[in-house]
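**Q** pasting the sequence and the predicted model now:
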Amino acid sequence: MAAGQPGEPEKLKFDHLMNKARKIWDSSPQPVKTFPWNRALENFIQLIVDLIIAVIKYLCVPLLAVSSLSEMSYCAHQKKLFFVPFPLLIGIAVAGVLKETALELSPLSRMQKFPGI
């Protein structure tokens, strides 16, 4: 009966699923309905973003060490060691900018750094 049109079986399954979800929501108790689901979702997303930032932060330290050693060995091979401080200073400046941006975007990091705010 539903096989006449190509997209109808999926639509019927989706409608059936939506009706089941609506029935479950209607039969749920009032505390579940009044729970601040949007705020919980925002907090969960913020937690995931903070975890990703922490992982990236700790993965960048070995990357900086390896790239610094590589740069220094190349400059030593080319006998141009006086160029080493320039990329290092640029890297420190970029890291400072990224840190300030992360503090602006992440309330959890801001609260850990400045507990009174």
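**A** Sure thing, it's come through.

**Q** nearest residue to the middle of this structure?
**A** Val49 (3.1 Å; Cα atoms, centre = their mean).

**Q** just for the chain, where's the confidence low?
**A** 1-9, 107-117 (pLDDT under 70).

**Q** how about the CA coordinates for the one helix or strand Lys23 maps to, as CSV?
**A** Assigned by DSSP states H and E, Lys23 belongs to helix 8-27. Only the C-alpha atoms of helix 8-27 are listed here, as CSV (Å, rounded to 0.1, in the frame of the first residue of the first chain):
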residue,chain,number,x,y,z
GLU,A,8,6.6,7.2,1.3
PRO,A,9,7.9,4.3,3.5
GLU,A,10,10.5,6.6,5.2
LYS,A,11,7.9,9.3,5.7
LEU,A,12,5.5,6.9,7.3
LYS,A,13,8.2,5.6,9.6
PHE,A,14,9.1,9.2,10.6
ASP,A,15,5.5,10.1,11.2
HIS,A,16,5.1,7.0,13.3
LEU,A,17,8.3,7.9,15.3
MET,A,18,7.1,11.4,15.9
ASN,A,19,3.7,10.2,17.1
LYS,A,20,5.4,7.8,19.6
ALA,A,21,7.7,10.6,20.8
ARG,A,22,4.7,12.9,21.3
LYS,A,23,2.9,10.2,23.2
ILE,A,24,5.9,9.6,25.5
TRP,A,25,6.3,13.3,26.1
ASP,A,26,2.6,13.7,26.9
SER,A,27,2.7,10.8,29.4
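
**Q** pull out the buried positions in it.
**A** Buried residues in helix 8-27, counting neighbours by 16 or more other Cβ atoms under 10 Å, are absent. All C-beta spots, glycine's among them, are computed from the backbone N, C-alpha and C.

**Q** list the helices and strands it packs on?
**A** Identification of packing neighbours for helix 8-27 by 3 or more Cβ pairs under 8 Å, 6 or more residues apart in numbering; DSSP states H and E yields no helix or strand.

**Q** show me how far that helix is from its chain's centre.
**A** When distances are taken as Cα atoms, centre = their mean, to the nearest Å, helix 8-27 is centred 32 Å away from the chain's centroid.

**Q** domains for this structure, by residue range?
**A** The record assigns the chain these domain ranges, following automatic domain parsing: 1-35, 36-117.
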